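In: Below is the sequence, then the predicted model.
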Amino acid sequence: MRGLSRQPPQAIFLDLDDTLLDDGPQQEVIVRTCKEIAAVQPGLDHAHLAEANDRARESYWPQVAHDFMTGAIDGASVGLETWRRTLQACGCSDESVAQYAAQTHSRLAREAYRLFDDVLEFVSAAREAHIPLALITNGASDTQRDKVRALNIESWFDCIVISGEVGVAKPASAGFEVALSRLGVDKGAVCHVGDSLVSDVAGANTAGITSIWLNRTGAIRAENDPKPDVEVRSLSELLTRQAR
């Protein structure tokens, strides 16, 4: 199936973040969270909180990224600790405020989750063609499951593989192999669509699956970056290619 063909794939594997889910609004969610915190906590400034949160995420994330991706720590714990550090940097060590901040951020993030405009058409076409769909996503189980529930897309997939549940993250091939086994399909007749060259393209290539780079932003691939079998700018373009 390399390079796509008119022959429908036995299954389509899809990434979640920045492939189906538009994560763009999440920075605004941080700002809104900081404004809500400042509104109930005299002496805290929302702009300073936002700056402190940026610094907290930059310093803390590298320490927990691997554990977050492989299930050793859940997303709620990471979020709470990030807000603890944010508030401490602004002179507030009240645990109840940290809890409020984490809960507020989770609520606002959930409300902001949005699918890209081309997702529904693509999924509808796959379902009409009776092509099984698998979701293969990196992240903690609670975080990724919450996104799937908030978007109301769980029923779309015949298989959902979350790195935090299987203990291995893309680009390792294990998650792809789990999906292949659960669906009972041949890797040579499957494609994986994702936005990340490092995780999605490299992972699919390693697993022997047709790799489709969904390059929504028009990024330039460096010579030493993983090479996709197919590059598209949208899921609509992928539908058009498959129809040829």
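Out: Structure received. Residues are numbered from 1 along each chain as shown.
In: quick one: contacts for Asp22?
Out: Asp22 is in contact with Arg114, Leu115, Phe116, counting by CB atoms under 8 Å, 6 or more residues apart in numbering. (C-beta placed from N, C-alpha, C; glycine too.)
In: how about the strands in the chain?
Out: 11-14, 21-22, 114-115, 133-137, 159-162, 190-194, 210-214, 230-232 (DSSP state E).
In: Quick one: distance of the fifth one to the chain centre.
Out: Here the centre of mass of C-alpha atoms in strand 159-162, compared against the chain's by CA atoms, centre = their mean, to the nearest Å, lies 12 Å away.
In: Kindly report the same for the second one.
Out: Remark: strand 21-22 is offset 8 Å from the chain centroid, using CA atoms, centre = their mean.
In: next one: stretch 123-135
Out: Worked out by CA atoms, centre = their mean, stretch 123-135 lies 19 Å from the chain centre.
In: how long is that stretch end to end?
Out: 12 Å (CA to CA, to the nearest Å).
In: List of residues touching it?
Out: 8-16, 20, 148, 156-161, 179, 182-183, 185, 239.
In: Just the buried subset of these, please.
Out: 9-16, 20, 148, 156-157, 159-161, 179, 183, 185, 239 (16 or more other CB atoms under 10 Å).
In: follow-up on the earlier one: distance to Arg55 and mean pLDDT added to the strands of the chain, as CSV?
Out: CSV is the format used below for those (distance: least, CB to CB, whole Å; pLDDT from 0 to 100):
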stretch, distance to Arg55, mean pLDDT
strand 11-14, 33, 97
strand 21-22, 25, 96
strand 114-115, 27, 96
strand 133-137, 27, 98
strand 159-162, 29, 98
strand 190-194, 29, 97
strand 210-214, 31, 97
strand 230-232, 35, 96
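In: Now tabulate the ones you listed in JSON lines and tack on distance to Glu223.
Out: What follows is those, written out as JSON lines (distance: least, CB to CB, whole Å):
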{"stretch": "strand 11-14", "distance to Glu223": "26"}
{"stretch": "strand 21-22", "distance to Glu223": "29"}
{"stretch": "strand 114-115", "distance to Glu223": "33"}
{"stretch": "strand 133-137", "distance to Glu223": "27"}
{"stretch": "strand 159-162", "distance to Glu223": "31"}
{"stretch": "strand 190-194", "distance to Glu223": "20"}
{"stretch": "strand 210-214", "distance to Glu223": "15"}
{"stretch": "strand 230-232", "distance to Glu223": "15"}
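In: So which residues of this structure form helices?
Out: 26-40, 46-70, 75-89, 95-112, 119-128, 141-151, 163-166, 174-183, 202-207, 235-243 (DSSP state H).
In: Out of these, which gets the lowest mean score?
Out: Ranked by mean pLDDT, those end with helix 235-243 at the bottom, a mean of 80.
In: Once you drop chain neighbours, what's closest to Ile162?
Out: Gln144 (4.8 Å; CB to CB, 6 or more residues apart in numbering).
In: any idea how far Asp229 is from that neighbour?
Out: 26 Å (CB to CB, to the nearest Å).
In: Please say which of the two ends up with more neighbours.
Out: Gln144 (23 against 18; other CB atoms under 10 Å).
In: close enough to count as contact, that one and Gly164?
Out: Yes: look at Gln144 against Gly164 with CB atoms under 8 Å: they come within range, at 6.9 Å.
In: For Leu214, which non-adjacent residue is spatially closest?
Out: The nearest residue in space to Leu214 (CB to CB, 6+ apart) is Asp195, at 5.0 Å.
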